[in-house]
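K.L.:
could you work out the structure for the sequence below:
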Amino acid sequence: MIDRDVLFGTPRAISMWVISAFFVVAFAGYFNVLADKETVGSAMGGGSSGSWDVSFIETLDTTSEGPTEVNDGESTSVTKTIAPETNMFGVVRIMVTCSDGGGIGDLGTDSFSAALTAPEGIDGGTLSGDCDGSEYELNIPIIDGYDGESYVANSTTEGEIRTRWSAGDGDGHGDWMLDVTVQTAGQQLLGPGGEDGAADVTMSISAITFDLDIKVA
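P.N.:
Next up, the predicted model:
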């Protein structure tokens with residue numbers, strides 16, 4: 001049996017125990033700091049480099065209007081205020097469907113033109129087509145290169161992938177307005193009831209945000 005006086009009975013023995021206890025606590029704290037640094041480093045683009053399967057889980061926030069009856073030369077519009085709480089904001093999508101009223105004596109197909117007004121710093125866009133019931137789509141990217149398609153990322157880290165697919169603070173935030181104007185074919189039969197009918201317009205503005213699903217490839 002070890003004599004307690006040998007272990008604790010002298011100032012030198014007590015000092016040795018105090019020093020030993022200090023190093024135990026110090027080393028534990030040191031390794032905790034290293035672990036915290038590794039976590040922060042991973043979040044800022046560090047972590048292990050390798051190949052990753054990356055996919056996007058999208059959420060659509062949509063404002064729509066219609067169907068609205070619109071006569072020749074007239075227009076209809078919809079406005080959406082967009083301000084997502086996440087920086088994973090990929091694209092704004094507009095959709096337009098125009099159906100020809102098909103009035104008596106109508107010999108042609110109506111058409112439409114749409115103009116999108118975006119917040120400052122973002123180019124809007126235009127869209128046009130026939131009023132044949134087809135759905136027309138225009139995407140305005142907030143994050144360059146975003147298309148929502150899954151892909152494999154090589155020689156990179158999870159943190160770098162998350163940084164790649166993050167929009168700047170406030171990018172795309174503000175009022176988006178879509179204005180759609182209808183043009184009739186202008187070719188009708190003569191006589192009573194020979195007017196071209198109005199067209200029915202349905203339109204929408206969607207903010208598409210997403211969550212990332214990242215797995216080791």
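K.L.:
D179 and T202, how far apart?
P.N.:
Distance from D179 to T202, counting by C-beta to C-beta, to the nearest Å: 14 Å. All C-beta atoms are positioned from the backbone trio N, CA, C, and that covers glycine.
K.L.:
of the two, give the one with the bigger neighbour count.
P.N.:
Applying other C-beta atoms under 10 Å to D179 and T202 shows that T202 carries more neighbours, namely 18 against 15.
K.L.:
let me see the contact set for the closest residue to that one other than its chain neighbours.
P.N.:
Take T202 and drop its neighbours on the chain: the residue closest to it by C-beta to C-beta, 6 or more residues apart in numbering is G66, 3.6 Å away. Contacts for G66 (C-beta atoms under 8 Å, 6 or more residues apart in numbering) come out as T76, T97, D200, V201, T202, M203.
K.L.:
how about V216?
P.N.:
G50, S51, W52, D53.
K.L.:
which stretches of the chain form strands?
P.N.:
50-70, 75-82, 89-99, 111-117, 125-130, 132-141, 151-156, 174-183, 199-216 (DSSP state E).
K.L.:
in TSV, list the ones you listed along with distance to I19.
P.N.:
As requested, the strands of the chain are exported to TSV (distance: least, C-beta to C-beta, whole Å):
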stretch	distance to I19
strand 50-70	43
strand 75-82	62
strand 89-99	56
strand 111-117	72
strand 125-130	71
strand 132-141	62
strand 151-156	46
strand 174-183	63
strand 199-216	44
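K.L.:
just those: most buried one?
P.N.:
Highest mean neighbour count of those: strand 89-99, a mean of 21 (counted as mean count of other C-beta atoms under 10 Å).
K.L.:
parallel or antiparallel, which strands does that strand pair with?
P.N.:
strand 132-141 (antiparallel), strand 199-216 (antiparallel) (DSSP bridges).
K.L.:
T109: which of these is closest?
P.N.:
When those are compared by C-beta to C-beta, strand 132-141 sits nearest T109, at 6.1 Å.
K.L.:
so for the closest one, mean pLDDT?
P.N.:
Averaged across strand 132-141, pLDDT comes to 97.
K.L.:
just the angle for it relative to strand 125-130, thanks.
P.N.:
With axes from the mean of the first three to the mean of the last three C-alpha atoms, to 10 degrees applied, the angle from strand 132-141 to strand 125-130 works out at 170 degrees.
K.L.:
that older thread, out of the contacts of V216, who's nearest D169?
P.N.:
W52 (25.4 Å).
K.L.:
tell me where the model's unsure across this structure.
P.N.:
By pLDDT under 70, the low-scoring segments of the chain are 1-18, 20-46, 101-108, 186-197.
K.L.:
about what we covered before: which of the strands paired with strand 89-99 sits closest to D123?
P.N.:
strand 132-141 (7.5 Å).
K.L.:
can you give me the domain boundaries for this protein?
P.N.:
Using automatic domain parsing, the domain parsing of the chain gives 4-43, 50-216.
K.L.:
what's the end-to-end length of the last one?
P.N.:
Domain 50-216 has an end-to-end distance of 8 Å (C-alpha to C-alpha, to the nearest Å).
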